[in-house]
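Visitor: sequence first, then the predicted structure, then my questions.
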Amino acid sequence: MTDNPYLYTLLMAGVAVLFIILSCFALGYLARGIARLAGLSKVKQQNTFAGYFFAAPWIVGFLIFVVAPLLASLYWSFTNYRIPNEPVWVGIQNYARLILEDKEFRGSLVNTLFLTVIGLPLQIGFALFLAVLLNQKMRGERVFRIAFYLPVILGFNAAVLLCWRLMLNASNGIINQIIRALSNGFPPFGYLNRAIIYIVEVVNAFFLGVNAGNFTMLNKVVDAGFPAANRVPMWIQTALWTKMSVIILMVWICGTMMLIFLAGLNNIPKELHEAAEVDGATPWKRFWKISFPLLTPYIFYNLVVGMIAALQIFEPIYVLYRDNAPLAPSAYSMVYNLWRSTFRFNEIGYGSAISWLILIIIMVVTIIQFRLQNRWVQYDLY
């Protein structure tokens, strides 16, 4: 093996290209052989060869990079596998430890459910609100659409999340500076801000009490009473606000849901709104009685996709709280717990068990959603 890194890279690239070509021919000949055994004509045999020849890179890549790791992870989930040791079969011990003993995983499950139950409706609601606003014909409509979709393009990358970390700083972050300025200049906003702080801290203290098994913090929050006039949210400085910071980021990145709702609004026949307007229906009634029922298929899609994403949330928690040990447990998600077990503590077997349990939870939730859709999704109105 050569010591030159450039030559080594070229050699590995050549080997990869050769492997792709050989796998294409191998899969194509295999498919043509099966077609011949099935008694198909020569033309269909040639078409079968061509189809599988060109589909082979994806098929082989799927088998190597998806199916093979999936099966390996399933096997490792029943083993005690710690790098650099060899896997040792332990049966269902990893799953029993997860469900019965691991308090950190149970805490991460509660945190993830909090983000899903509270954060996802806010995300969908805000996306629908933006879609309704942008569906109005106005100047600069395309500019606003691009602006609201831009967070999706930026994504949850480290640079963007570090900027959010600076903006969420309690003392000199721009978000709290804006809140202070609005509270001082418009007193009703100050009362609203203090009420929101109180509600958020009570709710989060309750969930923290569920995780810890005692409600000492909840009692302290209740005893402290209504926040003082100079209070601002302690976004990333206290355990009472860690999950709300993540929810804000979830709402901020709702641009994809917004576009889906925009497509749904544009598909609603204008004649329905015109007829309702002639009958004297107010804009709110037209939205609630016409637009909303016709949008339920789009709401259902966003709900399914959004719930899958919420149950797998990782990047904001990793960047905002990874190096903050006292606060991190209050924000742990299931996927963050998976990362800690697998890549920080090198418990490959235990991490594989967590991944499969997450998969089961997502599958169960998704199946329940599809079973319940007939009760509220209105497909027959189209």
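Guide: The structure has been received and is ready for your questions. What you see is a predicted model; the values in this text were computed from it and never measured.
Visitor: name the SS class of residue 226, please.
Guide: Secondary structure assignment for residue 226 (DSSP: H, G, I helix; E, B strand; the rest coil): coil.
Visitor: residue 317 and residue 250: what is the separation?
Guide: Remark: distance between residue 317 and residue 250 (CB to CB, to the nearest Å) = 11 Å. Just so you know, the C-beta spots here come from the backbone N, C-alpha and C atoms, and that holds for glycine as well.
Visitor: quick one, domains of the chain?
Guide: Using automatic domain parsing, the domain parsing of the chain gives 5-76, 100-170+234-375.
Visitor: more neighbours: which of residue 317 and residue 250?
Guide: Neighbours of residue 317 and residue 250, each counted by other CB atoms under 10 Å, are more numerous for residue 317; the result is 27 against 22.
Visitor: so what pLDDT did the more buried one get?
Guide: Each residue has a pLDDT score; the one for residue 317 is 90.
Visitor: same question, residue 161
Guide: On the pLDDT scale, residue 161 gets 90.
Visitor: tell me where the stretch 251-382 of the chain has helices.
Guide: Assignment of helices within the stretch 251-382 of the chain using DSSP state H, counting those that start in this stretch yields the ranges 255-266, 270-278, 283-286, 292-311, 315-321, 334-339, 348-372.
Visitor: including distance to residue 101, could these go into TSV?
Guide: Output for the helices of the stretch 251-382 of the chain, formatted as TSV (distance: least, CB to CB, whole Å):
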stretch	distance to residue 101
helix 255-266	38
helix 270-278	57
helix 283-286	52
helix 292-311	22
helix 315-321	23
helix 334-339	14
helix 348-372	11
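Visitor: and residue 191, which of those helices is closest to it?
Guide: For those, the distance to residue 191 is smallest for helix 283-286, at 26.4 Å, taking CB to CB.
Visitor: check which residues of that closest one are buried.
Guide: Buried residues in helix 283-286, counting neighbours by 16 or more other CB atoms under 10 Å, are found at residue 286.
Visitor: one more: stretch 316-328?
Guide: Within stretch 316-328, the residues that count as buried by 16+ other CB under 10 Å are 316, 317, 318, 319, 320, 321, 327, 328.
Visitor: picking up where we left off before, between the domains of the chain, which one is closest to residue 214.
Guide: In terms of CB to CB, the element of the domains of the chain nearest to residue 214 is domain 100-170+234-375, at 13.0 Å.
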